[in-house]
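> Sequence and predicted structure below; questions after.
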Amino acid sequence: MTYFDTPIVPIDTVVSNPFKESFDGSSLDFNISTCPIRLRSNYLYGSPDNEKCMDKQAIVKLNDNNEVVDWWVVGKDYFVKSHRDFFQSIEEKILDRFDPNDIASVKIKTRSSRNGRWGLREYIFDGISVPIETTNNFTTIIKFRIVAWSGLDGLTANNYLLGAFDNFCLNGCVWATGGKADYTKMKKRNSKLFNLEHFSDKLVSASEEFYRRSEEFQKMAQTTLAVGEGLEFLDTLKISEKKKEGLKDLYIDEMDVRGANVFALHSALTNYASHQNPDKFITRKTKYFDDMEHELMFKREEEITNILQSSQWNELTERIAA
């Protein structure tokens, strides 16, 4: 089993839609439907037996024979869509706007949780990449990365995140905040006002944004950061002491490879988000851990995204750049 679910497709191979090929037959490839919820009689309030619930509805998961295999309850105004609806909308924008050669070499990873109610797709574009050189002349390649995830049961909004993939350590990387107009991170609730087409439209210039924002990584790589300052920053984080110690260990390891710079600290954070490191961190176990492992791991990435888009990170980078 390799890290990615789909291999690199040679550029000279005719591929009509690599996204569809990797989605079909995956753990997210199933149909859903809705049905009303009927209530039992309530003698206290005099409601009739089998009365229809007016503020809730059920979503049912269907197998290939259109048989119900799972169901859950959402609000009556919940925006109902399948995983195919959600990801296809995003992938159609990529097919329409990206260079065909970049699409031909895309790597796609698909993950699911909660019996398919939660789903994630990660897209890494080998053809959209830039080299990064650090203060100690270490060089790596970062590639353009899109992560999109959503839920069907009301527990997860519709999200996508633009960033990069470090080819050396296989870390997923995110950008720091880009101000009020920043659309590198999008989150929209499944309300009746949710517009899937508008949500996906924001991706039309995503690859161009990658080249502009990749300058952040090169700047971090060339910005010296004393080890004491990096450790002090980790101490300011509102996390457990055990997690701090684990991040400090990762930071020292990354600094040995990448040098004493901000990129090493950034890589320590994204290493935690991308790899389990069971000797340093405890992944929360649940009764259904095997089914929820991918979602629980991805929550680390959301945690690190919040850190890298926080006022503490901005203060650190502004102070050492002054």
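Thanks, I have it. Predicted model only: the values in this text are computed from it and were never measured.
> in the stretch 151-300 of the chain, which spans are helices?
Along the stretch 151-300 of the chain, the segments classed as helices by DSSP state H, counting those that start in this stretch run 196-201, 206-213, 215-221, 227-236, 241-258, 262-274, 289-308.
> give me the beta-bridge partners of Ser112?
Gly119 (DSSP bridges).
> about what we covered before: highest mean neighbour count out of the helices of the stretch 151-300 of the chain?
Of all these, helix 262-274 carries the top mean neighbour count, a mean of 26, counting by mean count of other Cβ atoms under 10 Å. From N, CA and C alone the C-beta is placed, and that goes for glycine too.
> Which elements pack onto that one?
strand 171-174, helix 215-221, helix 227-236, helix 241-258, helix 289-308, helix 311-321 (3 or more Cβ pairs under 8 Å, 6 or more residues apart in numbering; DSSP states H and E).
> nearest to Gly172, of the helices of the stretch 151-300 of the chain?
helix 262-274 (5.1 Å; Cβ to Cβ).
> so the closest one versus helix 311-321, what angle?
Computed by axes from the mean of the first three to the mean of the last three Cα atoms, to 10 degrees, the angle separating helix 262-274 from helix 311-321 equals 160 degrees.
> now helix 262-274 against helix 227-236, angle please.
40 degrees.
> pLDDT on helix 262-274, on average?
Mean pLDDT, computed over helix 262-274, is 93.
> Locate Asp77 within the secondary structure: which element?
Counting by DSSP states H and E, Asp77 is held by no secondary-structure element, helix or strand.
> Of the helices and strands packed on helix 262-274, which is nearest Arg121?
Of the helices and strands packed on helix 262-274, nearest to Arg121 by Cβ to Cβ is helix 289-308, at 11.5 Å.
> tell me what the closest one is packed against?
Using 3+ Cβ pairs under 8 Å, 6+ apart, the elements in contact with helix 289-308 are strand 106-113, strand 118-133, strand 171-174, helix 262-274.
> where's it relative to the chain centroid, distance-wise?
Chain-centre distance of helix 289-308: 8 Å, with Cα atoms, centre = their mean, to the nearest Å.
> Ok, stretch 111-126 next?
That offset, for stretch 111-126, works out to 8 Å (Cα atoms, centre = their mean).
> How about the contacts made by Asn306?
If a contact means Cβ atoms under 8 Å, 6 or more residues apart in numbering, then Asn306 has no contacts.
> Which pLDDT does the model give it?
So Asn306 comes in at 87 (pLDDT).
> Tally up the residues packed near Leu62, please.
16 (other Cβ atoms under 10 Å).
> quick one: it and Asp29 touch, right?
No: taking contacts as Cβ atoms under 8 Å, Leu62 lies outside contact range of Asp29: 11.5 Å.
> just to revisit the earlier point, the helices and strands packed on helix 289-308: which one's closest to Leu152?
Closest among these, using Cβ to Cβ: strand 118-133, at 7.8 Å.
> sorry, back to before: pipe the helices of the stretch 151-300 of the chain into CSV and attach distance to Lys81 per row.
Converted to CSV, the helices of the stretch 151-300 of the chain look like this (distance: least, Cβ to Cβ, whole Å):
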stretch, distance to Lys81
helix 196-201, 7
helix 206-213, 21
helix 215-221, 33
helix 227-236, 40
helix 241-258, 35
helix 262-274, 27
helix 289-308, 19
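> out of those, which comes closest to Ile124?
helix 206-213 (11.4 Å).
> now that closest one, how far from the centre of its chain.
17 Å.
> Then stretch 125-133?
That offset, for stretch 125-133, works out to 19 Å (Cα atoms, centre = their mean).
> Can you list the buried residues in the lowest-mean-pLDDT helix or strand in the chain?
When each helix and strand of the chain is scored by mean pLDDT, DSSP states H and E, strand 171-174 comes last, with a mean of 77. For strand 171-174, a neighbour-count test (16 or more other Cβ atoms under 10 Å) marks 171-174 as buried.
> what does stretch 70-83 give?
Going by 16+ other Cβ under 10 Å, stretch 70-83 has these buried residues: 70-72, 74, 78-79, 81-83.
> ditto for stretch 124-140
Buried, per 16+ other Cβ under 10 Å, within stretch 124-140: 124-129, 132, 134-135, 138, 140.
> For those, could you give me TSV that also reports distance to Ala264 and pLDDT?
Shown next, in TSV, are these (distance: Cβ to Cβ, whole Å; pLDDT from 0 to 100):
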residue	distance to Ala264	pLDDT
Ile124	22	94
Phe125	25	94
Asp126	25	93
Gly127	27	91
Ile128	24	92
Ser129	20	93
Ile132	12	94
Thr134	8	96
Thr135	9	96
Phe138	9	96
Thr140	12	95
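> Going by distance to Ser207, which of those residues wins?
Using Cβ to Cβ, those come closest to Ser207 at Ile128, 5.4 Å.
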